[in-house]
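Asker: sequence plus predicted model, see below.
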Amino acid sequence: MTSSSSTPSPAPLGRLTARGRDEAHRVASPLELFFDLCFVVAIAQAGVQLVHAVAESHAGEGILNYAMVFFAIWWAWMNFSWFASAYDNDDVLYRVVTLVQIAGVLVLAAGVSKAFEDHDFLVVWLGYVIMRLAMSTQWLRVARSSEGPERTTALRYAGGVLLCLVGWLGLLVLPEGGRPWVFLVMAILEMCVPRYAEKDFPTSWHPHHISERYGLFTIIVLGETIAAATVAVKSGVDENDALGELLPIAAGGLLIIFSAWWIYFVVPIHGHLRSNKQAFLWGYGHYLIFASAAAIGAGLEVAVEQAVGKAHISTLAASAAVTLPTALYLLSVWALHSRHFKVGIAQQLVLPTTALLVILCTFLGDWAVLAAGIVSALAVATGVTLTARMATRESKEATPVV
């Protein structure tokens, strides 16, 4: 084991130059892991507010606010992750600017409740500004350390980030009814910045590192979902002594989350990320994966509150709060991840069919969540069985006849 004295301290200030896309043994750094954990704090706050909105029969408004806040969290996380994959030099200034980004997401998290309850996005906007200004600073450092097309790419990123910050002011100054349109327009413009910035010079992100970063964040989000559901079940048991009503929800929720983990990690996606076109689609699409994974936890909390009589919604609505994000997660993972590794129509249909069956479970009343969990687990078992049969068949075909 290497002693701590042999580990070099970070340089105070270095050049932010591109790392190699074929760099060996590239893994997530401790700073990146810390970054992820702090971002999940904001996701947890958004989930709590979504639970309150749905439980109080304001599902439409709650989902819209959740989508807006989650976009700010996810977009800042994603931009940092791809930047770090290409340019992380781990010097002191890089670490400090990254910690500033973490401070920004904590400010954003502090404003989530006011955004949901009072439609006041000032603190959320301020946290987003802190994160994005820090990101722009990193790109300006790259521009200073590079030349030619690479410098142009860095300046386009920095300029695009700053211009979009001006557009997000619309959330503060425009009437409440216009805010969803501001969000839609600005979200599209934000997602156009990387495409424009890299049209002449693609950054040297590392496929294995990127797939690991996304996988780790998926694990953290699913872990937060389990934690939120556990707290909800515990409070329901402690306050209402309703263990019989909560056991099916707890069991079904665990099966859903375990299946969600299995389905995401059953294939090694880094081999599919070979170009910017593939990577952009895959990276952007994870908004749906992350948002739906976090929403499953919120839905389980809603189901618990409804079961113990604390939520002012029907059993059907509470069940839908779990089954709909579960179905969205399954379809998103299939579209972005799994379908690239499926062979034959049977394998390709497993997850889309499972998503449909999970939606149908919504109508099973108090047993909806447990049924959705069983269906999800059966999807995993079916996938494993089909893969094993295919491997056995290929093995027999490859065995020479004596």
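Answerer: Perfect, I can see it now.

Asker: isn't V51 up against E305?
Answerer: Yes. If you go by C-beta atoms under 8 Å, V51 and E305 touch, sitting 7.3 Å apart. In this view, the C-beta of every residue, glycine as well, is placed from N, C-alpha and C.

Asker: of the two, which one has the most company?
Answerer: Between V51 and E305, V51 has the larger neighbour count (other C-beta atoms under 10 Å), namely 25 against 22.

Asker: tell me how far W262 lies from G344.
Answerer: From W262 across to G344, the span is 20 Å (C-beta to C-beta, to the nearest Å).

Asker: please say which of those two ends up with more neighbours.
Answerer: W262 (16 against 9).

Asker: secondary structure element holding that one?
Answerer: Assessed by DSSP states H and E, W262 sits inside helix 243-265.

Asker: contacting residues around the closest residue to S113 other than its chain neighbours?
Answerer: Leaving out its chain neighbours, the residue that sits closest to S113 by C-beta to C-beta, 6 or more residues apart in numbering is Q49, at 6.0 Å. For Q49, the contact set (C-beta atoms under 8 Å, 6 or more residues apart in numbering) comprises 62, 65-66, 69, 112-113, 115-117.

Asker: poorly predicted segments of the stretch 101-250 of the chain, please.
Answerer: Residue ranges of the stretch 101-250 of the chain with pLDDT under 70: 239-242.

Asker: which parts of it are helices?
Answerer: For the stretch 101-250 of the chain, applying DSSP state H, counting those that start in this stretch gives helices covering 112-117, 122-145, 148-167, 170-173, 179-197, 207-240, 243-265.

Asker: quick one, which of those is nearest to F35?
Answerer: Among the helices of the stretch 101-250 of the chain, helix 207-240 comes nearest to F35, with 9.6 Å by C-beta to C-beta.

Asker: tell me the angle that closest one makes with helix 243-265.
Answerer: 180 degrees (axes from the mean of the first three to the mean of the last three C-alpha atoms, to 10 degrees).

Asker: check the nearest residue to A368 once chain neighbours are set aside and give its pLDDT.
Answerer: Spatially, and ignoring its direct neighbours in sequence, A368 is nearest to S319 (3.5 Å; C-beta to C-beta, 6+ apart). With respect to pLDDT, S319 scores 93.

Asker: pLDDT at T2, what is it?
Answerer: Each residue has a pLDDT score; the one for T2 is 39.

Asker: check the gap between C38 and L106 for me.
Answerer: C38 is 7 Å from L106, by C-beta to C-beta.

Asker: and L133, by the same measure?
Answerer: Distance from L133 to L106, by C-beta to C-beta: 15 Å.

Asker: likewise for S235?
Answerer: For S235, the distance to L106 - C-beta to C-beta - is 25 Å.
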